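[1] Any chance you could fold what I've pasted below:
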Amino acid sequence: MALKIVSGLSATSISLSSYLDLAKNELRNAQIQNLSTTQIDAISGPVQGQFVYDSTLDKLKVYDGSAWTLVGAAADETTITLSSNTLTIKDGGVSAAKLASSAVTSAKIATGAVTNAKLGADAVTGAKIADDAIDSEHYVDGSIDTAHLADDAVTGDKIAALTIVTGNIAADAVTSAKIADGAVGTAKLADGGISTIKIGDSQVTTDKLATDAVTKAKIADNSVDIARLDVTDGTSGQFLSTNGAGVLSFVSQADEDVLPINLAFRLSEIDTTHTQNYDSTDVIKIGSSTNTPDVQVTGSFIIDGNLTVGGTTTTVNSTTITVDDPVFTLGGDTAPTSDDNKDRGIEFRYHNGTAAKVGFFGYDDSERVFTFFSDATNTAEVFSGTLGDAKFGGLTAGTVNASSQLQIGGVAVTATAAELNILDGVTATAAELNILDGVTATAAEINTLDGFTGTVADLNYAKALNATGVTAAEFNVLDGITSTTAELNKLDGFTGVVADLNYAKDLRATGVTATEFDTLDGITASTAELNKLDGVTMTTNQINSIVDRAGRYVHTESSHGGGELQIPNSTHGLTFPFHVTILDGDGNMLLAEVVQTEGTDLITIQDLPSGKITVHITGGLG
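    Numbering: from 1, shown residues only. Down below sits the predicted model:
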């Protein structure tokens with residue numbers, strides 16, 4: 001025989017046996033490769049249509065292009081079984097999804113083929129029964145109950161007229177147990193479906209009504225009137241009353257006194273739409289808790305005795321209030337036993353022309369001072385906000401603390417407290433103080449007098465000396481002169497004329513003392529310069545005081561953060577005491593507390609605003 005290989009054969013050796021008969025163009029006793037399920041799944045690159053025998057399942061498999069699948073009917077053994085040329089459908093093998101539309105018709109179901117045993121629970125529903133398919137002869141006694149009827153399955157148009165009559169309903173056939181909750185509602189009853197002619201006399205009794213079967217929700221509005229109650233109608237103005245034994249009757253109103261005996265009123269004199277009663281403590285109650293208000297008086301109301309008002313909130317909407325008591329007591333009617341941390345005062349409402357505001361004036365509990373807020377915030381009876389302005393004709397106070405600015409006659413006072421304290425103890429008269437009126441001296445010029453102990457004559461002499469041209473540097477030469485006789489003897493060899501010495505004699509004649517001459521120790525001034533001292537009566541201490549006050553220092557903070565500023569001696573180099581002037585960025589004088597520390601010469605300024613601060617310091621030279 002001949003072997004012809006067209007394409008696709010690749011092998012190192014080929015062995016032919018009786019299993020392959022190529023001459024007859026067919027496979028004879030061919031054997032498919034046997035592999036386990038694991039080996040089949042491990043085949044790399046199977047081709048569509050490739051066969052293999054699964055030795056694990058003992059089944060034939062074919063590769064469908066995407067997966068290995070079983071071949072033949074045996075592939076779906078969950079629903080069918082093929083054995084000995086017989087096809088068997090297993091339990092649950094046929095479902096609605098596996099039946100085509102109209103696959104099952106009445107012609108294909110034999111008579112009696114469908115029994116209860118062949119129908120699962122709820123297998124037959126209203127949706128699977130055609131109209132008029134079932135009539136009364138198809139129902140077994142007791143086969144229809146509420147569980148087998150769909151919602152709204154029985155309606156008025158499905159019940160023929162007069163088909164349900166008392167003769168067709170057995171005694172006790174319809175009971176509450178056979179009617180599901182809510183099964184009978186107004187929507188399921190045709191208009192006029194239930195009327196008195198359809199309900200026999202005495203057919204509805206209490207034993208045929210379940211407990212709470214008739215409730216307010218099942219009674220239409222206004223459906224129960226006097227005609228349906230065993231009560232005869234009364235007259236206009238009467239009200240329905242009970243005797244406590246189940247008997248209702250209409251009675252007329254009657255005036256009667258109400259306890260306690262010191263309070264009496266008539267029903268005709270009050271609002272009768274509210275309930276009137278009194279409790280076991282004889283407290284009168286007019287109205288109930290559901291009424292608002294419980295008591296309403298539309299006319300004038302006078303209380304001659306004491307009035308106590310409890311509750312949480314008391315609101316008085318009155319235009320004018322008059323109180324005879326000259327004192328209002330806030331914070332309770334008894335002495336408190338602890339601090340509740342709440343303010344005491346008056347809260348008021350007003351409009352500033354732009355928006356509604358709340359104000360407050362009273363005692364601030366946290367600050368322990370009387371406070372006025374023009375724009376206040378009330379947080380649990382604790383007030384905060386913007387401080388308001390106040391105007392008084394006169395003011396008497398133990399202490400006045402101007403934290404920002406003090407004005408007199410609308411003019412801001414720029415002097416510091418330390419400067420104003422200079423006047424403390426001054427005994428000058430008004431006339432003497434008026435001398436200052438019109439003074440044009442600058443603050444710097446007036447500061448020159450700080451610590452001066454001389455007389456008016458001394459100042460005038462200084463004016464005369466200034467006119468001679470003596471400079472401060474020249475006067476400083478005399479600072480601290482302590483010359484002795486031996487030191488003055490250094491004048492030996494003096495080349496001046498007798499007239500020069502006589503000039504000294506003349507000076508002595510004017511009353512110049514040796515102590516005064518001692519101040520000239522080491523003087524290098526010329527005669528002309530010394531002549532300028534003619535008539536000087538100042539002591540060394542007085543002259544030294546001028547020198548001691550000659551020191552000045554200016555400290556500038558270009559961007560002070562506010563609060564406290566300290567200037568140590570290492571910065572200003574002056575000695576205690578000091579004269580301090582504080583200016584803001586616009587050159588205005590600021591009032592602030594200045595603390596001078598003697599010994600360390602530390603200057604501490606407190607409560608400064610933020611921004612540029614300039615401090616002028618005058619003191620002794622270190």
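
[2] Now do the contacts for Asp233.
    Ile226, Phe250 (CB atoms under 8 Å, 6 or more residues apart in numbering). Quick note: C-beta positions are derived from backbone N, CA and C, even for glycine.

[3] From Ser249, how far out is it?
    Per CB to CB, to the nearest Å, Asp233 is found 11 Å from Ser249.

[4] can you check Thr320 too?
    Taking CB to CB, one finds Thr320 at 52 Å from Ser249.

[5] between those two, which one's more packed in?
    Per other CB atoms under 10 Å, whichever of Thr320 and Ser249 has more neighbours is Ser249, with 12 against 4.

[6] Which strands or helices does the one helix or strand the more buried one maps to pack on?
    Ser249 is located in strand 248-251, with elements delineated by DSSP states H and E. Judged by 3 or more CB pairs under 8 Å, 6 or more residues apart in numbering; DSSP states H and E, strand 248-251 is in contact with strand 239-242.

[7] what's around Val94, how many residues?
    With other CB under 10 Å as criterion, Val94 counts 14.

[8] again with Ile523
    14.

[9] Mind checking what secondary structure it has?
    Following DSSP: H, G, I helix; E, B strand; the rest coil, the label given to Ile523 is coil.

[10] where's it relative to Tyr461, distance?
    With CB to CB as the criterion, Ile523 and Tyr461 are 19 Å apart.

[11] same check, this time on Arg349
    70 Å.

[12] what about these two, which has more around it?
    Shown here are Arg349 and Tyr461; by other CB under 10 Å, Tyr461 has more neighbours (16 against 8).

[13] quick one: that one is in a strand?
    No - per three-state DSSP, Tyr461 lies outside any strand segment and is helix.

[14] so it makes contact with Val536?
    Yes - counting by CB atoms under 8 Å, Tyr461 touches Val536, with 6.8 Å between them.

[15] The residue lying closest to Gln405 once chain neighbours are set aside: neighbour count?
    Nearest residue to Gln405 in three dimensions, chain neighbours excluded: Ala412, at 5.4 Å (CB to CB, 6 or more residues apart in numbering). Neighbour count of Ala412, defined by other CB under 10 Å: 12.

[16] contacting residues around the strand holding Ser249?
    With contacts defined as CB under 8 Å, 6+ apart, strand 248-251 is touched by 229-235, 238-243.

[17] Try it again at 7 Å.
    Applying CB atoms under 7 Å, 6 or more residues apart in numbering, the contact partners of strand 248-251 are Leu229, Val231, Gly234, Gln238, Phe239, Leu240, Ser241, Thr242.

[18] Enumerate every residue touching Leu35.
    Contacts of Leu35 (CB under 7 Å, 6+ apart): Val52, Ser55.

[19] so where do the helices sit in the stretch 301-450 of the chain?
    Secondary structure of the stretch 301-450 of the chain, counting by DSSP state H, counting those that start in this stretch: helices at 417-420, 430-434, 443-447.

[20] swap that for the chain, please
    37-41, 417-420, 430-434, 443-447, 456-468, 472-476, 485-488, 498-509, 514-518, 527-531, 540-548, 569-572 (DSSP state H).

[21] Ranked by average pLDDT, which of those falls at the bottom?
    Note on the helices of the chain: helix 485-488 shows the lowest mean pLDDT, a mean of 49.

[22] Okay, now the unreliable bits of the stretch 201-350 of the chain?
    Residues of the stretch 201-350 of the chain meeting the criterion pLDDT under 70: 227, 230, 255-296, 298.

[23] could you redo the last one with a cut-off of 50?
    Scanning the stretch 201-350 of the chain for pLDDT under 50 picks out 262, 272, 274-284, 287, 289.

[24] Enumerate the strands of it by residue range, in sequence order.
    In the stretch 201-350 of the chain, the segments counted as strands under DSSP state E, counting those that start in this stretch are 239-242, 248-251, 276-278, 284-286, 344-351.

[25] Next, format the ones you listed as CSV and append distance to Tyr139.
    Output for these, formatted as CSV (distance: least, CB to CB, whole Å):
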stretch, distance to Tyr139
strand 239-242, 51
strand 248-251, 49
strand 276-278, 62
strand 284-286, 65
strand 344-351, 81
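
[26] which of those strands sits most buried?
    Compared across these, strand 284-286 shows the largest average neighbour count, a mean of 16 (mean count of other CB atoms under 10 Å).

[27] So Ser559 versus Ser610, what's the distance?
    8 Å.

[28] ok, Ile613 - how many residues close by?
    Counted with other CB under 10 Å, the neighbours of Ile613 add up to 22.

[29] Against Ala67, how distant is Leu35?
    Leu35 is 15 Å from Ala67, by CB to CB.

[30] Let me fix that, I meant to ask about Lys98.
    Here Lys98 is placed at a distance of 22 Å from Ala67 (CB to CB).

[31] likewise Asp424?
    Asp424 is 113 Å from Ala67, by CB to CB.

[32] quick one on the thing from earlier: tabulate the helices of the stretch 301-450 of the chain (a markdown table), appending mean neighbour count.
    Output for the helices of the stretch 301-450 of the chain, formatted as a markdown table (neighbours: other CB atoms under 10 Å):
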| stretch | mean neighbour count |
| --- | --- |
| helix 417-420 | 16 |
| helix 430-434 | 9 |
| helix 443-447 | 12 |
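
[33] Mind putting those helices into CSV with distance to Thr377?
    Output for those, formatted as CSV (distance: least, CB to CB, whole Å):
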stretch, distance to Thr377
helix 417-420, 33
helix 430-434, 47
helix 443-447, 43
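
[34] Which of those helices sits closest to Ile302?
    Minimum separation from Ile302 across the helices of the stretch 301-450 of the chain (CB to CB) falls at helix 417-420, 59.9 Å.

[35] outside of the closest one, which residues touch it?
    Residues outside helix 417-420 that contact it (CB under 7 Å, 6+ apart) are Val580, Leu591, Val594.

[36] which stretches of the stretch 351-500 of the chain have low pLDDT?
    For the stretch 351-500 of the chain (pLDDT under 50), the answer is 477-478, 486, 488-490, 492.

[37] Do you have the strands of it handy? List them.
    Under DSSP E, counting those that start in this stretch, the stretch 351-500 of the chain gives strands at 356-364, 369-379, 382-387, 406-408, 411-413.

[38] what's the fourth one packed up against?
    This points to strand 406-408. Under the contact criterion of 3 or more CB pairs under 7 Å, 6 or more residues apart in numbering; DSSP states H and E, strand 406-408 touches no helix or strand at all.

[39] what lines up beside that strand in the sheet?
    For strand 406-408, the paired strands and their directions (DSSP bridges) are strand 411-413 (antiparallel).

[40] Which residues does the strand it pairs with contact?
    So strand 411-413 is contacted by Gln405, Leu406, Gln407 (CB under 7 Å, 6+ apart).

[41] Go again with 10 Å.
    Contacts with strand 411-413, where a contact means CB atoms under 10 Å, 6 or more residues apart in numbering, come from Ala402, Ser404, Gln405, Leu406, Gln407, Glu419, Leu420, Asn588, Met589, Leu591.

[42] and if you look at stretch 366-375?
    Residues contacting stretch 366-375 (CB under 10 Å, 6+ apart): 341-343, 345, 347, 350, 352, 355, 357-365, 382-390.
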